[in-house]
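A.B. asks: Predicted structure and sequence below. I'll ask about it afterward.
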Amino acid sequence: MDFALWAASPYVARMLPTLRQLQYLKLLAEHGSFSRAAEAAHVSQPALSAGVQELEKILGAPVVERTRGAVILTAVGAEAVKRAEDVLARTEDLVEAARNAGKPLSGRFRLGVIPTVAPFLLPRTMPGLRDRYPGLRLFLREDLTPRLISALKAGQLDAAVIALPYDAPGIDHARIGDDEILAAVPAGHALDGAGPIPEGLLKSEDLILLEDGHCLRDQALAAVKIEAPRGEDAFAATTLPTLVQMVSSGLGVSFLPNMAVKAGLADHPGVVMRPIAENAPHREIVVAWRAGSSRAAEARLLAEALKLD
């Protein structure tokens, strides 16, 4: 057989990158230097450098540009890192699934939670979750939705509790429950009263919102059909307790999730809570995971254990 035809045959085993080589590249991208990447991988710098060179031979293209002050990924390298993260994440899933075969929600489970849910949902549900799954070792991370989604896709988290609507391609989810969005107004304010506030009345108010990046901010504004305030005078808080303090000081009107109100966050003499309009705008709380994750079944079990309804 002609050698060229033999080499091009699909039946010929091709050299493929090893998991170790992919891990070296991922660490190199994260740390930006061979010495720091080698330290993180617990190998010598020559060993890591040799592994990256072997990877380049297999791919047939350089993955990094070696400069005196830094390591810069090439276009091939950047694409390789993206794919390596997915391969390594799925490999970790495989190992974890094998270890816990037949034992759902046992062993290590890395769960992300958004800040507008974590302090109100977790204290109420964690005791029952531990009783139900005594072998579960839960590692929690509180962060904003965009960073949690990135961590899910990179395999750094097994699941995350987030709020919908939120556009996240490649992410599946299971419902925990609905969480009504309420208006918080200063005591004695023109909107201080009983019953739902008609949507149109909120458009003329000074709004105090969470800073950009909190999904509750966008969900509340979309629900009442109001554009975000702009300019230097627009106040943005980093936490819900700060919003409550600002409302109690008479600085404006804000929005709070019902789960936070039920937990006592708005129990302040200067704050009055009112529903918004007749249709009661809400956000949907879900457990989300990377599509195709081997821990999807466990994420669904977790959603059942955390149910709001």
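C.D. replies: Received it, and whenever you're ready, just let me know what you need. Residues are numbered from 1 along each chain as shown.
A.B. asks: From now on I want contacts and neighbour counts done on CA atoms only, so please keep to that.
C.D. replies: Fine.
A.B. asks: got the contact list for the host helix or strand of residue 111?
C.D. replies: Assessed by DSSP states H and E, residue 111 sits inside strand 107-113. Outside strand 107-113, the residues that touch it by C-alpha atoms under 8 Å, 6 or more residues apart in numbering are 100, 135-143, 148, 156-162.
A.B. asks: Go again with 7 Å.
C.D. replies: Contact with strand 107-113 is made by 100, 135-143, 148, 157-162, as judged by C-alpha atoms under 7 Å, 6 or more residues apart in numbering.
A.B. asks: Same question for stretch 250-265.
C.D. replies: 120, 179-186, 205-209, 220, 241, 243, 247.
A.B. asks: Quick check: next helix or strand after the strand holding residue 111?
C.D. replies: helix 118-132.
A.B. asks: Next one: residue 237 from residue 211, what distance?
C.D. replies: 5 Å (C-alpha to C-alpha, to the nearest Å).
A.B. asks: Then residue 308?
C.D. replies: For residue 308, the distance to residue 211 - C-alpha to C-alpha - is 26 Å.
A.B. asks: can you give me the strands for the chain?
C.D. replies: Secondary structure of the chain (DSSP state E): strands at 64-66, 71-73, 107-113, 136-142, 159-164, 171-186, 209-210, 236-237, 254-257, 271-274, 282-290.
A.B. asks: Please tabulate the ones you listed in a markdown table, including the columns mean pLDDT.
C.D. replies: Supplementary listing: the strands of the chain in a markdown table, determined by pLDDT from 0 to 100:
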| stretch | mean pLDDT |
| --- | --- |
| strand 64-66 | 85 |
| strand 71-73 | 86 |
| strand 107-113 | 90 |
| strand 136-142 | 90 |
| strand 159-164 | 93 |
| strand 171-186 | 91 |
| strand 209-210 | 82 |
| strand 236-237 | 76 |
| strand 254-257 | 88 |
| strand 271-274 | 88 |
| strand 282-290 | 93 |
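A.B. asks: Run through the neighbouring helices and strands of the lengthiest helix in the chain.
C.D. replies: Using DSSP state H, we find that the single longest helix of the chain is helix 75-99. Other helices and strands packing on helix 75-99, by 3 or more C-alpha pairs under 7 Å, 6 or more residues apart in numbering; DSSP states H and E, are helix 19-31.
A.B. asks: could you say what helices and strands the helix it packs on packs with?
C.D. replies: Helix 19-31 packs on helix 34-41, helix 45-59, helix 75-99, going by 3+ C-alpha pairs under 7 Å, 6+ apart.
A.B. asks: Tell me where the stretch 201-309 of the chain is predicted with low confidence.
C.D. replies: Counting by pLDDT under 70, the stretch 201-309 of the chain shows low-confidence ranges at 204, 228-235, 278, 309.
A.B. asks: show me what contacts residue 71?
C.D. replies: Applying C-alpha under 7 Å, 6+ apart to residue 71 gives the contacts 32-33, 64-65.
A.B. asks: quick one: the spatially most central residue of the chain from residue 27, how far?
C.D. replies: With distances taken as C-alpha atoms, centre = their mean, the residue of the chain nearest its centroid is residue 148 (1.5 Å). Distance of residue 148 to residue 27, computed by C-alpha to C-alpha: 20 Å.
A.B. asks: quick revisit: if you compare the directions of the longest helix of the chain and strand 107-113, what angle comes out?
C.D. replies: Relative orientation of helix 75-99 and strand 107-113, computed by axes from the mean of the first three to the mean of the last three C-alpha atoms, to 10 degrees: 130 degrees.
A.B. asks: in helix 75-99, what counts as buried?
C.D. replies: Neighbour counts over helix 75-99 (16 or more other C-alpha atoms under 10 Å) mark 77-78, 80-81, 84-85, 87-90, 93, 96-97 as buried.
A.B. asks: so residue 106 touches residue 135, yeah?
C.D. replies: Yes: in terms of C-alpha atoms under 7 Å, residue 106 counts as a neighbour of residue 135; the distance is 4.6 Å.
A.B. asks: Can you pick out the residue with more neighbours from these two?
C.D. replies: With neighbours defined as other C-alpha atoms under 10 Å, residue 106 and residue 135 compare such that residue 106 has more, 19 against 15.
A.B. asks: and the residue lying closest to the more buried one once chain neighbours are set aside, how many residues sit next to it?
C.D. replies: Sequence neighbours aside, residue 136 is the residue nearest to residue 106 in space, at 4.1 Å (criterion: C-alpha to C-alpha, 6 or more residues apart in numbering). Residues lying near residue 136 (other C-alpha under 10 Å) number 17.
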